[in-house]
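# Provided below for reference: sequence and predicted model.
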Amino acid sequence: MPLSRGLHVKGLSKLPVALGQVLDEIPLGVMVLGKDRRVMLVNRALEAMTGFLVQEASGIPCHYLLRGNLCCHGCQIKDVEETRRQFCSEANIINKNRQKIPVRLTISPIFDENGELAAFLESVEDTRSQEAPYDDSAESFLSGKLVGVSQEMRRVFKIIPVIAQTDSSVLITGQTGTGKDAVAEAIHHASGRAKGPFIKINCGALPEALLESELFGHQKGAFTGAVENKPGRFRLAHNGTVYLTEIGDLPLSLQVKLLSFLDDKVVYPLGSTKGYSVDVRVIAATHRNLERMVREGSFREDLLFRLNVIRLHLPPLVHRHEDMKMLKAHFLQTYNSRFSKNIAGFSEAAGQVLLSYPFPGNVRELRNIVEYAVNVCDGNQIRPDHLPAYIVEHVPNDHVNDLTENGSSQVQSTIRSDPGEIRWADAERKMIMDTMLKCQGRKHDAAKILGYCRSTLWRKMKKYGMID
């Protein structure tokens with residue numbers, strides 16, 4: 001059966017409006033499954049949560065859509081069918097962006113007027129907002145993806161709950177890798193919109209024509225290839241938050257349309273004269289200097305004023321030396337668990353090397369470095385020779401000579417290594433090659449060790465010229 005918003009499930013066709021229109025008004029993710037456990041309908045809240053549109057979900061088994069941990073232990077729908085009773089449990093699902101989302105999953109049988117099983121109704125409630133994100137009394141802070149004990153991060157942690165209580169636009173600035181995405185998510189989950197969708201849009205990832213359709217949607221026939229209506233990300237985020245990352249890359253023509261939306265909160269899809277009112281909060285982020293872009297004429301001054309109601313700047317990692325120890329421990333624990341290792345920590349020499357490195361990629365780069373080190377470490381402690389060579393090259397020579405516990409010979413040995421291994425891409429390529437050799441070419445086993453899905457490993461191997 002073709003999927004549409006006007007779908008009527010057999011036995012439920014006496015509703016005065018189409019079932020899809022009813023479900024779209026529910027703030028939880030909801031889908032209807034046939035007796036064969038294939039998807040018949042998903043509402044817009046579930047589209048936003050999973051990233052899969054209703055057209056993509058049509059006719060596929062539900063576990064392909066949710067990819068939940070409960071599916072690994074047998075299909076719960078089978079139990080609902082046999083007992084004819086509702087099932088409810090805490091679970092995790094994986095969305096289209098490969099993010100793990102904690103949810104409360106409820107599966108209910110639907111019966112027709114004759115008492116026969118007609119379908120299943122499955123609701124998916126995002127429970128991230130119910131996790132305690134802040135603890136001001138703790139000696140350290142661990143807020144979702146945000147980690148830190150420095151004064152700069154304490155200030156960020158304390159202001160997030162205050163910002164979350166308003167609906168004003170927020171502009172987050174800071175260098176690449178400082179955690180702007182994590183702050184935007186923290187604001188959303190601490191707000192009254194936490195149960196609504198959190199939709200992230202990278203303004204520099206798509207061409208202008210596609211980006212406008214992605215943001216505002218389009219009508220069928222609006223352009224070549226527009227074979228059906230598309231709601232757009234702003235409409236999918238109704239009652240939630242839209243996060244516009246890399247706002248500095250938004251084309252000028254779309255800056256005008258975004259400014260108009262911020263003024264009246266009405267979306268006009270491409271090819272349509274009819275507007276749709278939506279209730280969303282807008283959070284924007286950039287690593288660019290928007291004031292300079294305004295002076296250069298590449299960013300609208302009025303849009304900057306409209307976005308810059310609340311401004312939050314994230315410090316670079318080089319200004320957060322107090323956080324280094326906690327961040328290293330956090331990432332070490334993460335990758336110890338992922339790669340099934342039991343590395344106790346960093347040697348003093350390795351710690352000094354990391355403290356001496358400027359980290360232009362900030363926290364994201366530190367995370368990548370720890371991931372690499374955990375992969376190549378063959379003992380219970382990470383030493384300088386387990387770090388990427390390009391990291392050690394930044395250690396001043398006089399500081400190298402001061403390192404103890406054999407750290408000096410280890411560091412100097414690494415500096416004299418192949419100068420081609422000075423970039424993360426080279427380090428990652430070597431890491432993949434070493435793992436493939438260890439697994440005797442078995443991609444499935446190598447992907448498991450590296451923490452990649454098999455398609456990601458294939459893509460990286462193709463990128464590095466390791467396969468044709």
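Arrived safely.
# Please make it C-alpha for all contacts and neighbour counts, starting now.
OK.
# Adjacent strands (with direction) for the lengthiest strand in the chain?
Scanning the chain for the strand with the most residues, using DSSP state E, yields strand 100-111. Sheet pairing of strand 100-111 (DSSP bridges) gives strand 87-94 (antiparallel), strand 117-126 (antiparallel).
# so which of the ones you listed is the most packed in?
Among the strands paired with strand 100-111, ranked by average contacts under mean count of other CA atoms under 10 Å, first place goes to strand 117-126 (a mean of 21).
# Output that one in PDB, but only the C-alpha positions, please.
Output of strand 117-126 as PDB, limited to C-alpha atoms (Å, rounded to 0.1, in the frame of the first residue of the first chain):
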ATOM      1  CA  LEU A 117      -5.800  -8.000  15.500                       C
ATOM      2  CA  ALA A 118      -5.600  -5.300  12.800                       C
ATOM      3  CA  ALA A 119      -2.200  -3.600  13.400                       C
ATOM      4  CA  PHE A 120       0.300  -2.500  16.000                       C
ATOM      5  CA  LEU A 121       0.900   1.100  17.400                       C
ATOM      6  CA  GLU A 122       4.400   1.700  18.500                       C
ATOM      7  CA  SER A 123       5.300   4.900  20.400                       C
ATOM      8  CA  VAL A 124       8.900   6.100  21.000                       C
ATOM      9  CA  GLU A 125       9.600   8.700  23.700                       C
ATOM     10  CA  ASP A 126      13.000  10.300  23.800                       C
END
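# Turn the strands paired with strand 100-111 into CSV, including mean pLDDT.
Formatted as CSV, these follow (pLDDT from 0 to 100):
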stretch, mean pLDDT
strand 87-94, 86
strand 117-126, 87
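# quick one: the strands in the stretch 1-150 of the chain?
For the stretch 1-150 of the chain, the strands defined by DSSP state E, counting those that start in this stretch occupy 29-33, 39-42, 87-94, 100-111, 117-126, 141-143, 146-148.
# Mind putting these into CSV with distance to V267?
Below are those laid out as CSV (distance: least, CA to CA, whole Å):
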stretch, distance to V267
strand 29-33, 22
strand 39-42, 22
strand 87-94, 29
strand 100-111, 28
strand 117-126, 26
strand 141-143, 34
strand 146-148, 33
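# and the strands paired with strand 100-111 as a markdown table, adding distance to L312?
Putting the strands paired with strand 100-111 into a markdown table (distance: least, CA to CA, whole Å) gives the following:
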| stretch | distance to L312 |
| --- | --- |
| strand 87-94 | 30 |
| strand 117-126 | 26 |
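# Determine which of these approaches K341 most closely.
With respect to K341, and counting by CA to CA, the nearest of those is strand 87-94 at 23.7 Å.
# if we can go back for a sec, buried residues of the longest strand of the chain, list them for me.
If you call a residue buried by 16 or more other CA atoms under 10 Å, then strand 100-111 has these buried ones: 101-111.
# neighbouring contacts of that strand?
Where contact means CA atoms under 8 Å, 6 or more residues apart in numbering, the residues beyond strand 100-111 that reach it are 11, 77, 80-81, 84-95, 117-128.
# coming back round to it: looking at the buried residues of strand 100-111, which one is closest to R306?
Set against R306, the nearest of the buried residues of strand 100-111 by CA to CA is I101 (31.6 Å).
# roughly how far apart are the closest one and A48?
12 Å (CA to CA, to the nearest Å).
# With R155 instead?
Separation of R155 from A48 (CA to CA): 31 Å.
# what's the neighbour count on L457?
L457 has 19 neighbouring residues, counting by other CA atoms under 10 Å.
# Tell me the buried residues in the helix or strand hosting it?
L457 is part of helix 454-463, with elements assigned from DSSP states H and E. For helix 454-463, burial by neighbour count (16+ other CA under 10 Å) applies to 457, 460-461.
# and it, average pLDDT?
The average of the pLDDT scores along helix 454-463 is 80.
# Which secondary structure elements does that helix sit against?
Here helix 454-463 touches helix 443-450, going by 3 or more CA pairs under 8 Å, 6 or more residues apart in numbering; DSSP states H and E.
# which residues touch the helix it packs on?
338-339, 375, 432, 435-436, 439, 453-454, 457.
# can you give me the strands in the stretch 251-400 of the chain?
In the stretch 251-400 of the chain, the strands defined using DSSP E, counting those that start in this stretch lie at 266-267, 276-277, 281-286, 310-313, 345-346, 381-382.
# Redo these as CSV? Include distance to D167.
Below are the strands of the stretch 251-400 of the chain laid out as CSV (distance: least, CA to CA, whole Å):
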stretch, distance to D167
strand 266-267, 16
strand 276-277, 16
strand 281-286, 6
strand 310-313, 10
strand 345-346, 42
strand 381-382, 45
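# Out of the ones you listed, which is the most enclosed?
When those are compared using mean count of other CA under 10 Å, strand 281-286 is most buried, at a mean of 23.
# in its sheet, what does that strand sit against?
Strand 281-286 pairs in its sheet with strand 170-173 (parallel), strand 241-245 (parallel), by DSSP bridges.
# JSON lines for those, including mean pLDDT, mean neighbour count and distance to A222?
Shown next, in JSON lines, are the strands paired with strand 281-286 (pLDDT from 0 to 100; neighbours: other CA atoms under 10 Å; distance: least, CA to CA, whole Å):
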{"stretch": "strand 170-173", "mean pLDDT": "96", "mean neighbour count": "23", "distance to A222": "32"}
{"stretch": "strand 241-245", "mean pLDDT": "95", "mean neighbour count": "25", "distance to A222": "24"}
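# residue with max distance from the center of this protein?
Distance to the chain centre peaks in the chain at N114, reaching 45.0 Å (criterion: CA atoms, centre = their mean).
# Look up the pLDDT of that residue for me, please.
83.
# and the buried residues of helix 454-463 as TSV, adding distance to Y243?
Below are the buried residues of helix 454-463 laid out as TSV (distance: CA to CA, whole Å):
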residue	distance to Y243
L457	29
K460	28
M461	32
